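>>> Sequence and computational prediction follow.
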Amino acid sequence: MSRAVAPDIDWSFPDLELELVEDISPVVPAGFLRLVRRRLRVKFPDGSRSDPFSYDEVDRRAIDAVVIAAHFVTSGPGHTAQRWVYLRSALRPPLRFRDPARSPGGSRETGALWELPAGLIEPGEQSTGGVLRAACRELREELGFLALETDFQMLGPPVWPSPGVLSERLFFVQLEVQPERRDEPSLDGSALERHGKVVAVPLERALELCRAGRIQDAKTELALRRLAENPNQAPEARSNE
């Protein structure tokens, strides 16, 4: 019996080019975020150009971030290996003050999310080594573990989480930790991090919570799925005793 073969997909992009006409960003006092407003036009494959149009984006001093999957393995009944992962509560002001009337079936949010620890990659850390240095810092601040750069492994390629408004890239890393070596998180001095809660949850349970909508943070779900699919992370039972 013959099988239908899917045709090859042409992954080349259309020959379109964005051209900067003018930077018309407003001059305002510096803050954590900065509005960038540009007048752009598109050059088409036939050489013609669109009319100029305005396009807004958000910028910040440290534009990229690292997301950390810190995990460990225990042995369950019958010495079945089970992988656990650490999550941390986060308080997000944009969610708290989101207008529920502007969302289908929306309800008022508290601003609280369960997330993997994450943090900004500071200027001067724009390298693989810099990403790992940022990961060491954020791991200590948000979970309370000390680690070396060599303890981490990259967890897949970086992604653009919101390319329509922000040029941020997220870099994913993972490392195996020993729960008994966890100390109190050092925190970064922000009021938003004070009294945050750290929990360890079985990886499969965390994925169930993603599917059920209990874990709603997109970067966290993506990292959890990558961790579960990573063939280099097959569980090996380790007792906590």
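Structure received. Residues are numbered from 1 along each chain as shown.
>>> pretty sure Pro52 contacts Arg38?
No - using CB atoms under 8 Å, Pro52 and Arg38 do not qualify as a contacting pair, with a distance of 9.7 Å. For every residue, glycine as well, the C-beta is placed using N, CA and C.
>>> Spit out the residues that contact these two alike.
For the pair Pro52 and Arg38, residues contacting each of them under the criterion CB atoms under 8 Å, 6 or more residues apart in numbering are 21-22.
>>> Give the closest residue to Pro161 in space, chain neighbours not counted.
The spatially closest residue to Pro161, leaving aside those adjacent along the chain, is Leu170, at 5.5 Å (CB to CB, 6 or more residues apart in numbering).
>>> What's the separation between Phe72 and Glu138?
For Phe72, the distance to Glu138 equals 18 Å [CB to CB, to the nearest Å].
>>> So which bits of the longest helix along the chain are buried?
Of all the segments of type helix in the chain, defined by DSSP state H, the longest one is helix 128-142. Of the residues in helix 128-142, those buried by neighbour count under the rule 16 or more other CB atoms under 10 Å are 130-142.
>>> where along this structure do the strands fall?
Across the chain, reading from the start of the chain, the strands by DSSP state E fall at 17-23, 34-43, 53-59, 64-75, 81-91, 112-115, 118-121, 153-154, 170-176, 198-202.
>>> Those: which one's closest to Arg98?
In this view, the strands of the chain are compared for proximity to Arg98 by CB to CB, and strand 112-115 is the closest at 12.4 Å.
>>> Send me the lowest-mean-pLDDT helix or strand in the chain as PDB with only the CA atoms.
Least confident element among the helices and strands of the chain, by mean pLDDT, DSSP states H and E: helix 93-96 (a mean of 91). The C-alpha coordinates for helix 93-96 follow below in PDB (Å, rounded to 0.1, in the frame of the first residue of the first chain):
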ATOM      1  CA  PRO A  93       1.400  44.100  39.000                       C
ATOM      2  CA  PRO A  94       0.200  44.100  35.300                       C
ATOM      3  CA  LEU A  95      -2.000  41.200  36.100                       C
ATOM      4  CA  ARG A  96      -3.300  42.700  39.300                       C
END
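>>> Tell me which other helices or strands it touches.
Taking 3 or more CB pairs under 8 Å, 6 or more residues apart in numbering; DSSP states H and E as contact, there are no helices or strands that helix 93-96 lies on.
>>> Please point out which parts of that helix sit buried.
Counting neighbours by 16+ other CB under 10 Å, one finds that helix 93-96 has no buried residues.
>>> neighbours around Ile68, how many?
Ile68 has 28 neighbours, counted by other CB atoms under 10 Å.
>>> what pairs with it across the strands?
Listed beta-bridge partners, Ile68: Val173 (assigned using DSSP bridges).
>>> what's the answer for the one 4 residues further on, then?
The bridge-partner assignment for Phe72, based on DSSP bridges, gives Trp84.
>>> what's the pLDDT at Gly213?
As summarised for this prediction, Gly213 has a pLDDT of 93.
>>> Mind splitting this protein into its structural domains?
Domains of the chain are assigned by automatic domain parsing as 17-59, 64-230.
>>> Most tightly packed of the ones you listed?
Highest mean neighbour count of the domains of the chain: domain 64-230, a mean of 16 (counted as mean count of other CB atoms under 10 Å).
>>> can you list the weak-confidence ranges in the chain?
Counting by pLDDT under 70, the chain contains low-confidence ranges at 1-6, 76-79, 106, 231-241.
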